[in-house]
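In: task: produce atomic coordinates for the following.
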Amino acid sequence: MNYKNIGIIGNGSWGIALSIALNFSKCNVSVFINSKKTYNELKQGKSRFLPNQFLPKEIKITTKITDLRDTSLIFIVTPSQMVRKNLSIIKKNIRSKKNFILCSKGIENKSNKLMTEVFQDIYPGLEPIVLSGPNFSDEVSKNLPTAFVLSCANKKKVEEVGKAISNKNFRPYFNTDIIGTQIGGSMKNIIAIACGIVIGKKLGENAKSSIMARGLKEMIMLGKSLGAKEKTFMGLSGLGDLNLSCNSIKSRNMLLGYKLGSGMKLKDINKEKNLNEGVASCKAIYNLSKIKKIELPICSAVKEILDGEPISNVIYKLLSRPLQFEI
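Out: Sure, this is the predicted structure:
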């Protein structure tokens, strides 16, 4: 199959960055826009989400979702809580069978479902690919070297897709652990919020490093309980993404944590209307931990803070936990 004809649903910074990267890979890219304001901006080659980057003229911008009928591969690059709605719209308007790549790093907080589980609700029997990894959108849009993961049970299919969309600076690696890939991409956002809080509270680099290490352990524990492979969390979608998100203020989730740690209220941060997937997914992660009867102290602490518990109280409870063996 020709995977060079690509449609993208989602016109935020990640959706636009992917469209540019795929253009570098000599793919025929069409981006669906549901906002007239955004459409007019992008037609001029500009995006408010990537203000220093121009959109190549080869990329097609459309407000008609039916224009994606001739594509062979559709990237879903919307906020995770909007994936179900957008998949339903696609199914209603595009009848022909498509291959999908899910790029949203989150868990549906109403159902506690992974994005692939949401996908199966809409397209039972179809097998999506998951894209994840340590990728800041501004660097991807500048064609700086980037590695990422494509995860799918169908090895032949994922390799063919990877070959079609890659270029020398946009390099895929493959795995078949769809659950682990998604858990890593989702939980790293919550751990990044925790690291941001630590830095905002001026608790030091030692504390941040400890949060990252123990956060990785929490990712592994929950992932394995859901059927993931531990080695997945040592790769790009686990440790790689965690390291990027917890060590740079460019990470929106770490920045949110930093602002919380510096004294800002969540309601005031939310007024800035930046996408913070960790906030949306935190409750679902917490619920999954209760269902699986797994203790996730860091993720639970972040949930308490997002729910309004004073940060100092939460930190005190964390530091008062009984001593234990690391493994």
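In: my guess is Asn109 contacts Ala284. True?
Out: Yes: Asn109 is within contact range of Ala284, at 4.5 Å (criterion: CB atoms under 8 Å). For every residue, glycine as well, the C-beta is placed using N, CA and C.
In: these two - which one has more neighbours?
Out: Ala284 (21 against 18; other CB atoms under 10 Å).
In: what helix or strand does that one sit in?
Out: Ala284 is part of helix 277-291, with elements assigned from DSSP states H and E.
In: any low-confidence regions in the stretch 201-327 of the chain?
Out: For the stretch 201-327 of the chain, no stretch has pLDDT under 70.
In: how about Val279, nearest residue that isn't a chain neighbour?
Out: Excluding its sequence neighbours, the residue lying closest to Val279 (CB to CB, 6 or more residues apart in numbering) is Leu306, at 6.1 Å.
In: so what's the residue count around that neighbour?
Out: Counted by other CB under 10 Å, the residues lying close to Leu306 total 20.
In: who touches it in this structure?
Out: Ile193, Leu266, Val279, Cys282 (CB atoms under 8 Å, 6 or more residues apart in numbering).
In: what about Tyr286, how many residues nearby?
Out: By other CB under 10 Å, 21 other residues sit near Tyr286.
In: hang on, isn't it packed against Leu296?
Out: Yes: counting by CB under 8 Å, Leu296 is a contact partner of Tyr286 at 7.3 Å.
In: the helix holding Ala284 packs against which elements?
Out: strand 107-108, helix 178-200, helix 205-225, helix 252-261, helix 297-306 (3 or more CB pairs under 8 Å, 6 or more residues apart in numbering; DSSP states H and E).
In: deepest-packed of those, please.
Out: The highest mean neighbour count among those, using mean count of other CB atoms under 10 Å, belongs to helix 178-200: a mean of 28.
In: run the chain-centre distance for it.
Out: 10 Å (CA atoms, centre = their mean, to the nearest Å).
In: with stretch 221-228 instead?
Out: 18 Å.
In: C-alpha coordinates for that stretch, CSV please?
Out: Presented in CSV, the C-alpha positions along stretch 221-228 are these (Å, rounded to 0.1, in the frame of the first residue of the first chain):
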residue,chain,number,x,y,z
MET,A,221,4.3,-0.9,37.8
LEU,A,222,1.1,0.3,36.2
GLY,A,223,2.2,-0.7,32.7
LYS,A,224,3.0,-4.2,33.7
SER,A,225,-0.3,-4.6,35.5
LEU,A,226,-2.0,-3.7,32.2
GLY,A,227,0.0,-6.2,30.2
ALA,A,228,3.0,-4.0,29.1
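In: contact partners of it?
Out: 177, 179-180, 183-184, 187, 230, 232-233, 285, 288-289, 292, 294, 296.
In: what about the residue sitting nearest the centre point of the chain, distance to Gly12?
Out: In the chain, the residue lying closest to the centroid (CA atoms, centre = their mean) is Lys105, at 2.3 Å. Plainly put, Lys105 is 12 Å away from Gly12 if you go by CB to CB, to the nearest Å.
In: what about the helices in this protein?
Out: Using DSSP state H, the helices of the chain run over residues 13-24, 36-43, 83-93, 115-122, 137-141, 155-165, 178-200, 205-225, 241-246, 252-261, 266-270, 277-291, 297-306, 311-319.
In: and of those helices, who's closest to Lys4?
Out: When the helices of the chain are compared by CB to CB, helix 155-165 sits nearest Lys4, at 5.6 Å.
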